[in-house]
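[1] One predicted model, sequence on top.
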Amino acid sequence: MSEALPDHWGTTSIEKSAYLRGRIGWQGLRADEFIEDGPYLVTGTDFKDGKIDWSTCYHVTEARYREAAPIQLRDDDLLVTKDGTIGKVAHVSNCPDQAVLNSGVFLLRCSDGSFRHRWLYHLLTSSHFEKFLRQNLAGSTINHLYQYVFEKYEFPVPQYDEEQKKLCKVIDLIDTQIEATEALIAKQERLRAGLMQDLFTRGVDENGELRPPREKAPHLYLETELGGLPKGWSAPEVRSLLANVPTPMRSGPFGSALLKHELVESGIPLLGIDNIHAEHFEASFSRFVTLRKFLELSRYRVLPGDVVITIMGTVGRCCIIPEGHGDLLSSKHLWTMTFDPAKVVPELVCWQLNLAPWVLSWFRQQSQGGIMDAIQSSTLKRLRLPCAPLPEQERILQRYYASSGSLAALRDELSKLRLQKAGLMQDMLTGTVSVEPLLENEPA
């Protein structure tokens, strides 16, 4: 490590101080090996706010659980994703009696007394680990973290266990504030999801009001491929809503079209899974191509107003590309769609792709009961969406914006708390600010 550390601190590495194991030589599960109840199968998509959401996990057979003894989980284990969106971390708590990992996740378990699992958790969720990943995976067009690379991760650690414990308490205080804000956001999102469900099944009349539900006013509705929708609406496939432009739906470049050595340190950003979040575009770029290469791959250009969805790793996150970022290039981990503004409002497509139950049901159906690890073009093209006449879509959009105001304020507060935590971690790990005042102020 190049950073200055407090005198009584040292360094260690994953390989020296922890048990690290992934699922090796596993060929995946057949559809009939997923069962209604049984041992839990944890994937990266089950990570939520640094924990495991056990309610979203799949269940597998006892035979599959028994064959995976080296990666059977227990409380205080740490999990790190190694495929797709690499470096996502979760701390295992309230672990069921039987739980194992899929092949996209590492199990990390503290194996000696040189550091506490909570200290390591905070390190893995800090910029310190992000920097390690950037340095070791820079220029790679394949999002994969190899075990031999992860084992070399070297990190700082206080000499005394008691100091580790107290420092973790300081950081955990901010985490508590973050979790409380996240809970408020989740509540607002649930309320908005209920509203959006009504907006896309009942619509908004000329007076800006929701129509009565179908059971109270059946004469206002008609039957479609998606069930009952207001009269005048339709349920078109996504492909019929795309703009009449060359390659309105695109993913790539693939293979030799863009090689590792052609990525540069600055230039035209190459978007990846890390840039695309649910209803949020993360304008943090680490991969670039030259202008010349961009022009050569111009069919994969991403435009403001395009709808982009992740199709590998963390599947199904979707956002609108905002104005103000100049030229952007897609990657093979994304589907980029340009819609016809005379047919559909892109923001309404984006919301449905993120949250609508009819979309999630379609994706599950197309995965044939298994875990969807990619979204095929045919799956997206044949997806049907409820579609109101354009003037009504604009009214729906206004109701959507009105419901999003308080959420935006809470998300801004959450961003500030995360920046505060990141700054605190940076100060402690580089020794630029003494840890003693933090220890004096931490709760007893």
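    Thanks, I have it.

[2] Assess the claim that L271 and D327 are in contact.
    No - L271 is not in contact with D327 according to C-beta atoms under 8 Å; the separation is 11.0 Å. Backbone N, C-alpha and C define where each C-beta goes, glycine included.

[3] Same drill for the two, tell me which one is more crowded.
    For L271 versus D327, the count of surrounding residues by other C-beta atoms under 10 Å is larger for L271: 24 against 15.

[4] ok, the more buried one to L328 distance?
    Using C-beta to C-beta, to the nearest Å, L271 is found at 6 Å from L328.

[5] same check, this time on P253
    According to C-beta to C-beta, P253 stands 13 Å off from L328.

[6] what about the stretch 1-150 of the chain, any weak spots by pLDDT?
    1-4, 24-28, 112-115, 138-142 (pLDDT under 70).

[7] ok, L137 to T379 distance?
    From L137 across to T379, the span is 29 Å (C-beta to C-beta).

[8] Give me the three-state assignment for C319.
    Recorded secondary structure, C319: strand (DSSP: H, G, I helix; E, B strand; the rest coil).

[9] for it, what are its contacts?
    By C-beta atoms under 8 Å, 6 or more residues apart in numbering, the residues touching C319 are 276-281, 307-308, 350.

[10] pLDDT, secondary structure and distance to Q420 for these - can I get that in TSV?
    As requested, the contacts of C319 are exported to TSV (pLDDT from 0 to 100; DSSP: H, G, I helix; E, B strand; the rest coil; distance: C-beta to C-beta, whole Å):
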residue	pLDDT	secondary structure	distance to Q420
I276	94	strand	25
H277	91	strand	20
A278	86	coil	23
E279	83	coil	24
H280	86	strand	20
F281	93	strand	23
V307	97	strand	33
V308	97	strand	30
C350	94	helix	30
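
[11] I'd like to know which of those residues are buried.
    If you count burial by 16 or more other C-beta atoms under 10 Å, the buried members of the contacts of C319 come out as 276, 279, 281, 307-308, 350.

[12] Distance to D75 added to those residues, as CSV?
    Formatted as CSV, the buried ones among the contacts of C319 follow (distance: C-beta to C-beta, whole Å):
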residue, distance to D75
I276, 33
E279, 33
F281, 36
V307, 40
V308, 38
C350, 38
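
[13] ok, those vs P341, which is closest?
    P341 lies nearest to V307 out of the buried ones among the contacts of C319, by C-beta to C-beta, at 11.9 Å.

[14] unless I'm mixing things up, the closest one is touching Q352, no?
    No - using C-beta under 8 Å, V307 is not in contact with Q352, being 10.0 Å away.

[15] quick one: what helix or strand has S361 in it?
    helix 357-366 (DSSP states H and E).

[16] From the chain's centroid, how far away is the helix or strand following that helix?
    Per DSSP H and E, the first helix or strand lying C-terminal to helix 357-366 is helix 377-381. Put simply, helix 377-381 sits 21 Å off its chain's centre (C-alpha atoms, centre = their mean, to the nearest Å).
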